[in-house]
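**Q** one predicted model, sequence on top.
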Amino acid sequence: MTILTARLKQILPDPTLLLLQNPSSPSQTRQIAIHGITIPRLRREGDEDGAWDAREYLRKMLVGKVVTFSIVYKAGGGAGSGREYARVWIEGGEELALHLLRAGWAKLRSTTTSSSSSSEDNTAAYAEAESTARAASLGLWSPTPSTPNLHASYDNPPNPASFLAQWQVKEVEAVIEQVRAGDLVRARLLLSPTEHQYLPLILAGLRCPTSPRTDPTTGAVVDAGEEYGDAARAFTEARLLQRSVKVQLLGTTSSGGQFVANVIHPAGDIASLILASGLGRVVDWMSGMVGVERMGVLRAAEARGRSARVGVWKNTNTPTPTVGKEKGSDEGVVVRIVSADTISILVQNTERRIRLSSLRAPRATDSAQAPFATPAREWLRRRVIGKTVRVQIDGSTKPSPDADSIDVATVTIGNTNVGLEGVQKGWLSVLRHRAEDTHRAPGPIYDALIAAESAAQATQVGMWSPKGAVGAASSRVVDASESVTRAKGYINALTRAGRVSGVVEHVFSGNRFKILLKHQGETKVTFVLRDVRSPRSDESHGKQAVEYATRRFLQRDVEVEINSVDRGGAFMGSMFLGGRDVGVGMVEEGMGWVGEYVAGPGAGVLREAEGRARDSKKGLWKDYQPEAVVREGGEKENGSGEREYVDVVVTEVESAGRFWVQIITPKIQELEILMRDLQVASSSSTASLSGPPRVGDQLQARSAEDGLWYRARVRRVDRAAGKAEVVFVDYGNTEHVPFANLRLGSSSGLPPQAQEATLSFIRSPPAGSEYAEDACDFLASLITNRQLVASIDRRPGGSPLELTLYDPANSASVEPSESVNAEMVKEGMCRVVPLKERGWEKAFAGVLRGLEERQEDARRGRRGIWEYGDVFGDDE
């Protein structure tokens, strides 16, 4: 008689014993029946009497234990098939059949088999053990069964939602009857002594690799599964199969066919063990069901497996998130709300766009969410605009043909996570990430977001409200500045209203805004600071003024006092931010000046602010020289006693108010050498672009006009057309160049030779006006591709040079009356800078008088812009 040893893996419903002979090969099993006895069977159509109690007695005694056995005979089938019957011995050497007979949980088999030899037949001992149990009314012989009328349902509950509502979160006693994968089991829930329910369960919070699947009829492999799928299933089988556990139902899958549950084993946390062994990964979509605290435990276990590089992490390096220019954290002031999930912050005087990690604003393309887009954006504006926030960069989105990469971050004010607060209020939803996504919120924060979203959905707040489309709909907004007629219809009511609250929606210039007023509903107006002048965006310091006003006033809550309306329908008055007069602040920072004829109670305050700005040389007063003396001819005498004259060549004329010059210096000779080198550049000194260029890139571009290569800077990128708008930095002209005609090049050290300039003391016709093109053509005829003499009247930092140009071929002197500037005024192509707009120009009184005389001559002669008389009026 051959004695074998194995570990009992499972008791099958027959009941037969499934033995694991080789622990290192979980799939190598052997199935045997116990010789000489019968045990009641568990059946779908109805259990035999006492079957459950007998199986439970046997399960609790033997599952996971080592037994010895000897095959007595094999019944049915040919070689290698058929059921094997064996004598089995348990710990201590007691024969299992005798033990079960004595306990009353088995009966003596009624038939004998000729295959059994007399030496292995223990019929007399079996009969004596059975008689003893019957006499003592033990087990199956008891007249009162321990589980009468027991009903077990093998099918899923007909109403999973109702079943979940009844048993959710409760700890229910259960037995794991089958392990289909490392994270998928089939459990028998012991709902009551008389009611049991079989359920497929997904272990909450993780996903294991899939196991191979075969066709039960043919044995053919249907799905090869994933690497470590078998190992994960074996890991779970060894610890849970036919073990007593407690099950805590948390939810169901989207289809409702499978339940998600915590499986609680007395010996340890099976989910954490799987993750720490590298046999599974944490899944985010269950976070709302599992809870933040539990997800933190699972993520910590996953981190241990990843750091040990075991299982699924064996050949995987921990991914490093792709982040923007400055990975880490920063503090900045929120200066713009792009949408409910995207903001711009000012960090070290640089505006930086940030998207809230793992969050999405209500989508305008979704009819259910669209009504919430504006309220959600308004909530974020009120919450963060103008406030100092801390951003923790979590990654960056991948660039696409339609969008550049953008940093994603967790944004906090103090200890408050702004994104989490938005989710709690129902204004933001949480993105579901792919496993490989790195631009996402960290695990613990993400779990909190998921939990908050579930709570918001349950309480039906924000976008989750069933009445949202009605409650969130905004009232109609009227633009009171749409026309002069409409503006005049509102002026009386707005004047009587005193201070009216509103939000700045757009900044046109340092003193001109679009404001949404909270007056009789919502009214949109164009608003102008009445007593403050500010340069236009195309004038010197105009861009700085717009930037200053944008960063301080855009999307801020303000108050306005309206006094009048101008000829264009813009309302005029004072604006206040936090109770402080915005106009005074603009003037004090040198971003505007006080109008020429300002009077009244506030005039003194404004002029004092202007004086402080002038004394500190802020903004447009940077180059102000209070000690300057104007000579009779209009020539300004500076500290050196001479004006600055240089030789220039005009290389490009954009408009009557903008052109580009090269100042004749020895650098021009270096440029000629550089141009020759660019045409013969070798592949070692240049390189093709690896992708579309970005705005601001310094490149080399081939011009379509002459086919030559030039140094260029990218202004705009049209990814769809495959072209970039570039400015040739040594000449000032622009072209739209295909990406194929762009290349990288080494730095030469030579600064750009073209400098943007404008004519001093005069204003050109507005772009698109009737005389703008004529003025541009006339200026080009006077200055293009000619060597001229230029008087540099002003060098504003970051803005065009202010020049007076002279053509030596037409004038032997550099008198202002003989300049190109004077010629433009004389022919009616431009006008002298208006009195109310004069700032630094006031120091050149003589020059201005001479130009005004020529302007008056042009007006009397009805030349150019004066063809129909004085069209500008006193306001100009």
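**A** That came in fine, so what should we check first?
**Q** so what secondary structure elements neighbour the helix or strand encompassing Val650?
**A** The secondary structure element spanning Val650 is strand 645-655 (assigned by DSSP states H and E). For strand 645-655, the contact count by 3 or more CB pairs under 8 Å, 6 or more residues apart in numbering; DSSP states H and E identifies strand 658-663, helix 772-783, strand 787-794, strand 801-806 as packing neighbours. No exception for glycine: its C-beta is placed from N, CA and C like everyone else's.
**Q** among the ones you listed, which comes closest to Ser367?
**A** Put simply, out of the helices and strands packed on strand 645-655 the one that sits nearest Ser367 is helix 772-783, at 45.3 Å, with distance taken as CB to CB.
**Q** could I have that closest one exported to PDB, CA atoms only?
**A** The C-alpha atoms that make up helix 772-783 are tabulated as PDB, following Å, rounded to 0.1, in the frame of the first residue of the first chain:
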ATOM      1  CA  ALA A 772      -4.500 104.900 -42.700                       C
ATOM      2  CA  GLU A 773      -3.300 103.300 -45.900                       C
ATOM      3  CA  ASP A 774      -2.600 106.600 -47.600                       C
ATOM      4  CA  ALA A 775      -0.500 107.700 -44.600                       C
ATOM      5  CA  CYS A 776       1.400 104.500 -44.500                       C
ATOM      6  CA  ASP A 777       2.200 104.700 -48.200                       C
ATOM      7  CA  PHE A 778       3.300 108.300 -47.900                       C
ATOM      8  CA  LEU A 779       5.600 107.600 -45.000                       C
ATOM      9  CA  ALA A 780       7.100 104.600 -46.900                       C
ATOM     10  CA  SER A 781       7.800 106.800 -49.900                       C
ATOM     11  CA  LEU A 782       9.800 109.200 -47.600                       C
ATOM     12  CA  ILE A 783      11.900 106.800 -45.600                       C
END
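**Q** quick one on the thing from earlier: just the CA trace of the strand holding Val650, in PDB.
**A** Presented in PDB, the C-alpha positions along strand 645-655 are these (Å, rounded to 0.1, in the frame of the first residue of the first chain):
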ATOM      1  CA  TYR A 645      21.700 111.900 -33.300                       C
ATOM      2  CA  VAL A 646      22.300 108.600 -35.100                       C
ATOM      3  CA  ASP A 647      22.400 107.400 -38.700                       C
ATOM      4  CA  VAL A 648      19.700 104.900 -39.400                       C
ATOM      5  CA  VAL A 649      18.200 102.800 -42.300                       C
ATOM      6  CA  VAL A 650      14.500 102.200 -42.300                       C
ATOM      7  CA  THR A 651      14.000  98.500 -43.200                       C
ATOM      8  CA  GLU A 652      10.200  98.000 -42.800                       C
ATOM      9  CA  VAL A 653       7.200 100.300 -42.500                       C
ATOM     10  CA  GLU A 654       4.200  98.600 -40.800                       C
ATOM     11  CA  SER A 655       1.900 101.600 -40.600                       C
END
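**Q** how far out from the middle of the chain is it?
**A** 46 Å (CA atoms, centre = their mean, to the nearest Å).
**Q** what sits opposite the residue nearest the centre of the chain in the beta ladder?
**A** Note on the chain: the residue nearest the mean C-alpha position is Arg355, at 4.1 Å, using CA atoms, centre = their mean. For Arg355, the residues forming beta bridges with it (DSSP bridges) are Thr342, Val408.
**Q** that one is in contact with Asp341, isn't it?
**A** Yes. The pair formed by Arg355 and Asp341 meets the contact definition of CB atoms under 8 Å, at 5.9 Å.
**Q** is Val646 in a bridge, and if so with what?
**A** Going by DSSP bridges, Val646 is paired in beta bridges with Ala790.
**Q** so what's the residue count around the nearest residue to Val338 once chain neighbours are set aside?
**A** Among residues not flanking Val338 along the chain, Ser344 sits closest, at 6.5 Å (CB to CB, 6 or more residues apart in numbering). Other residues lying near Ser344 total 18 when counted by other CB atoms under 10 Å.
**Q** and whichever strand or helix holds Ser344, how far from the chain's centre?
**A** Secondary structure from DSSP H and E places Ser344 in strand 342-347. Its chain's C-alpha centre and that of strand 342-347 lie 13 Å apart, by CA atoms, centre = their mean.
**Q** again, but for stretch 707-716
**A** Using CA atoms, centre = their mean, we find the averaged C-alpha position of stretch 707-716 to lie 33 Å away from the chain's own average C-alpha position.
**Q** repeat for stretch 548-560
**A** 26 Å.
**Q** ok, residues contacting it?
**A** In this structure, residues lying in contact with stretch 548-560 by CB atoms under 8 Å, 6 or more residues apart in numbering are 335-337, 346, 351, 381-382, 385-386, 499-507, 509-511, 513, 515, 517, 527, 534, 571, 573-577, 582, 585-586, 589, 591, 619.
**Q** now the buried members of these.
**A** By the neighbour-count criterion of 16 or more other CB atoms under 10 Å, the contacts of stretch 548-560 include these buried positions: 335-337, 346, 381, 385-386, 500, 502-504, 507, 509-511, 513, 515, 517, 527, 534, 571, 573-577, 582, 585-586, 589, 591, 619.
**Q** and those residues, which of them are in strands?
**A** Of the positions in the buried ones among the contacts of stretch 548-560, 335-337, 346, 500, 502-504, 507, 509, 513, 515, 517, 527, 571, 573-577 sit in strands, assigned by DSSP state E.
**Q** which non-adjacent residue is nearest Ile34?
**A** Per CB to CB, 6+ apart, closest to Ile34 is Ala97, 5.4 Å.
**Q** and the one you found, how far from Ile90?
**A** Distance check for Ala97 against Ile90: by CB to CB, to the nearest Å, it reads 10 Å.
**Q** burial count for Leu803?
**A** As a burial measure, Leu803 scores 26 neighbours (other CB under 10 Å).
**Q** residue contacts, it?
**A** Shown in contact with Leu803 (CB under 8 Å, 6+ apart): 648, 661, 757-760, 790-793.
**Q** so Ile264 sits in a strand?
**A** Yes. Assignment of Ile264 by DSSP: H, G, I helix; E, B strand; the rest coil places it within a strand.
**Q** now for it: which residues touch it?
**A** Shown in contact with Ile264 (CB under 8 Å, 6+ apart): 171, 245-248.
**Q** buried subset of these, written for PyMOL?
**A** Selection of buried members from these for PyMOL, criterion 16+ other CB under 10 Å:
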select buried, resi 245+246+247+248
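**Q** closest to Lys65 among the contacts of Ile264?
**A** Relative to Lys65, and with distances defined as CB to CB, the nearest of the contacts of Ile264 is Val245, at 18.0 Å.
**Q** the helix or strand containing the closest one pairs with which strands, and in what direction?
**A** Secondary structure here is read from DSSP H and E; on that basis Val245 sits in strand 244-252. According to DSSP bridges, strand 244-252 forms sheet pairs with strand 171-181 (antiparallel), strand 259-264 (antiparallel).
**Q** avg pLDDT for whichever helix or strand comes after the longest one?
**A** Towards the C-terminus, the helix or strand next in line after strand 171-181, according to DSSP H and E, is strand 184-192. For strand 184-192, the mean per-residue pLDDT is 94.
**Q** ok, stretch 103-111 next?
**A** Stretch 103-111 comes out with an average pLDDT of 87.
**Q** what sits up against it?
**A** Residues lying outside stretch 103-111 but in contact with it, judged by CB under 8 Å, 6+ apart, are 34, 36-39, 50, 53-54, 57-58, 97, 100-101, 123, 126-127, 130, 133-134, 136-142.
**Q** looking at those residues, which are in helices?
**A** With helices identified by DSSP state H, the entries of the contacts of stretch 103-111 that belong to them are 53-54, 57-58, 97, 100-101, 123, 126-127, 130, 133-134.
**Q** what's the most distant pair in the residues you listed?
**A** Taking every pair in the ones in helices among the contacts of stretch 103-111 and measuring CB to CB, the maximum separation is 25.4 Å, between Asp53 and Thr123.
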